[in-house]
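Undergrad: mind looking at a prediction? Sequence and model below.
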Amino acid sequence: MTSTAQAPQSGARTAHPDHLGHVIFIAAAAAMGGFLFGYDSSVINGAVEAIRDRYGIGSAALAQVIAIALIGCAVGAATAGRIADRIGRIRCMQIASVLFTISAVGSALPFALWDLALWRVVGGFAIGMASVIGPAYIAEVAPPAYRGRLGSFQQAAIVVGIAISQLVNWGLLNAAGGDQRGKLMGLEAWQVMLGVMVVPAVLYGLLSFAIPESPRFLISVGKHDRARRILAEVEGNGVDLDARVADIEHAMKREEKSSFRDLLGGGFLFKPIVWVGIGLSVFQQFVGINVAFYYSSTLWQSVGVDPTDSFFYSFTTSIINIIGTVIAMIFVDRIGRKPLALIGSVGMALGLALEAWAFSHDLVGGKLPATQGWVALIAAHVFVLFFALSWGVVVWVMLGEMFPNKIRAAALGVAAAAQWIANWAITASFPSLADWNLSGTYVIYTVFAALSVPFVLKFVKETKGKALEEMG
C-alpha cells in the first residue's frame, strides 16, 4: 500500500482548524447515521421473544426475520458509494434519514410477519448507506492530525445507539410490567420499542442540513471556490488552500472516478488492498460481536436469567462497549490502528474461550452453575470491551482511509457489503447453532478471533497520520 504520489506540500498533515469545536460538530452530525445504525441494529433485541410468540415461529424462521435486515444493509452498503459520488454525501445522508423514518413507522405497525420483514429490509438499506457514508464523509472533512479520533465518532455513535436502544427497551419493558407483549400506548411493548427510532431518524435528517458537503465531492463536480471555503473551515486558514485543492484535484485526475471495475485485477478477482478491506470486515463480524447485541437477552434467558435482568445485562454490556470505544478514541491516533487491532484480537479470543468453557456445562435447575454463570457474564463483558477498544473502531477508521482516492468509495462499499453479508451469516445461524451446541458456537467465534492475529500481522498496513492523497 505504498503510495507513488508525493506527500502533500500544502501543510495538510499539520493542519489545525481555527474552530475545532465546529469540526467536531460536523463529524458528530455525520456520525448520527452511526447512532441510527447502532440503534436499529440492536433495538430488535427487545422484540425477539415477542415476535416468536406473536407469530408462533421457530428458531430458524425467527432468525431469518431478525437477519433479513442485513440483506438490505448489504445492498445499501454496496450502492451508497456510487450514490454519494453522483449526488453528494449530504444528499445520501438525507435519503438514509427518510428510509430510517419509514422503517421505524412500518416496523411498529406491521400487519403480518412478511411486512415486518419488509420494513426491516428498508431499515437495513438505510443502515448500509449510513455505514458507508459516515466514515467516508468524516475521513474527507477531517484534518489528517485528527482523522483517527474524528473517524472513531462513527463507532462511538454506533455503541451509544446500541446502549440507548437497550436502555429504552429496558424502560419500556418495565413500564409494560416485564412483558414484551404488554400494552403501552395502545400497542404491544415491542412495537413501541421499534417505533421510538422515529425520533433520532428525523434528527439525523435535520442535522444533515447543518453541515457542509465534502470538499472532495465538490472538487469532483468543479465547485472549487466552495471547496476552498469548506477546507478553510475544517483545516484552518493556515493551510495553503490552493495547494490543498491542487493536491486533491491531482489525485483525482491521476486516479479518475471510483467504479467497481477499478477494484478488479491483481490477485483473485479484486486488487489485494480490496481483499484486505474485505478481510477486516469479515473478521470483525465472524468473532460473533452482533450476537451480543441481537440476541443477548434471549441468550441470558436461555441459561436461566430472568427476562428483566437479561435486558439489564444487555444494557451493562452496552455501557462496557461505550467505555471500550472511548479508550480506542484516545489511543487510535497515538499508538496506531494496527497495534490496537492486535491487542483486541488477543483479548477477544480470551473472552470468547471463557464463554465457550462456561456454556459447556449442563444447566442445573434451568440455570448455569453459579461459577460458570459468573464466568460467562464476566467473559461476555471482557469480549465486548476488547472488541470495542480495537476492531469496533479500527475497522471503521481504516475503511474510511486505507483505499486510494481512485477506488475509495467503491472499495468501501464492497468492504461494507462484505461486512453485512458476514453479519447476516452470523446472525441467521446463531439460533440454530445455539440449539445444536452453544459452547461449540463460541469455540467457532474463538477460532476466528485467534485467526485475526496473523491476518493483521501479515496483511494490514498502518495508516496513522497519512493524508488521504498518500494512500495507494
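TA: Structure received. Numbers count the residues shown, from 1 in each chain.
Undergrad: how about the strands in this structure?
TA: 183-184, 187-188 (DSSP state E).
Undergrad: tell me which strands the last one pairs with, and in which orientation.
TA: Pointing back at strand 187-188 there. Here strand 187-188 is paired, per DSSP bridges, with strand 183-184 (antiparallel).
Undergrad: next, format the strands of the chain as CSV and append mean neighbour count.
TA: Bear in mind the C-beta positions are built from the backbone N, C-alpha and C, glycine included. Formatted as CSV, the strands of the chain follow (neighbours: other CB atoms under 10 Å):
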stretch, mean neighbour count
strand 183-184, 14
strand 187-188, 17
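Undergrad: let me see the contact set for the nearest residue to residue 431 once chain neighbours are set aside.
TA: Leaving aside its chain neighbours, residue 431 sits nearest to residue 59 (3.9 Å; criterion: CB to CB, 6 or more residues apart in numbering). Residues in contact with residue 59 (CB atoms under 8 Å, 6 or more residues apart in numbering) are 431-432, 434-435.
Undergrad: now, of the residues you listed, which are buried?
TA: 431, 434 (16 or more other CB atoms under 10 Å).
Undergrad: give me the subset of the contacts of residue 59 that lies in helices.
TA: 431-432, 434-435 (DSSP state H).
Undergrad: and these, which is closest to residue 453?
TA: Comparing the ones in helices among the contacts of residue 59 against residue 453 with CB to CB places residue 434 closest, at 26.1 Å.
Undergrad: look at the closest one and report its pLDDT.
TA: We have a pLDDT of 82 for residue 434.
Undergrad: now do residue 211
TA: Looking at residue 211, the pLDDT reads 91.
Undergrad: okay, it and residue 128: tell me how far apart.
TA: 21 Å (CB to CB, to the nearest Å).
Undergrad: residue 377 now?
TA: 32 Å.
Undergrad: need the max-distance pair from the ones in helices among the contacts of residue 59.
TA: 432 and 434 (7.3 Å).
Undergrad: now tell me which of the strands of the chain the model trusts least on average.
TA: Taking the mean pLDDT of the strands of the chain, strand 183-184 comes last: a mean of 86.
Undergrad: distance between that strand and the chain's centre?
TA: 31 Å (CA atoms, centre = their mean, to the nearest Å).
Undergrad: so in the protein, where's the weakest helix or strand by average pLDDT?
TA: Scoring the helices and strands of the chain by mean pLDDT, DSSP states H and E places helix 296-302 at the bottom, with a mean of 72.
Undergrad: check which helices and strands that helix sits against.
TA: If you count contacts as 3 or more CB pairs under 8 Å, 6 or more residues apart in numbering; DSSP states H and E, helix 296-302 packs onto helix 48-55, helix 307-331, helix 408-459.
Undergrad: can you check which of those helices gets nearest to residue 281?
TA: So among these, helix 408-459 is nearest, using CB to CB, at 3.5 Å.
Undergrad: got the angle between the closest one and helix 48-55?
TA: 120 degrees (axes from the mean of the first three to the mean of the last three CA atoms, to 10 degrees).
Undergrad: name the helices or strands packed onto helix 408-459?
TA: Contact here means 3+ CB pairs under 8 Å, 6+ apart; on that basis helix 408-459 packs against helix 59-67, helix 69-87, helix 113-141, helix 272-286, helix 291-294, helix 296-302, helix 337-359, helix 391-401.
Undergrad: gap between it and the chain center?
TA: 14 Å.
Undergrad: angle of that helix against helix 272-286?
TA: 80 degrees.
Undergrad: sorry, back to before: more neighbours, residue 211 and residue 128?
TA: More crowded of residue 211 and residue 128, by other CB atoms under 10 Å: residue 128, with 30 against 21.
Undergrad: surely that one touches residue 418?
TA: No. With contact defined as CB atoms under 8 Å, residue 128 does not count as touching residue 418 (11.6 Å).
Undergrad: still on that earlier bit, which among the strands of the chain is found nearest to residue 33?
TA: strand 187-188 (26.7 Å).
Undergrad: any chance you could list what contacts that closest one?
TA: Contacts for strand 187-188 (CB under 8 Å, 6+ apart): 50, 54, 108-109, 176, 180-182, 195.
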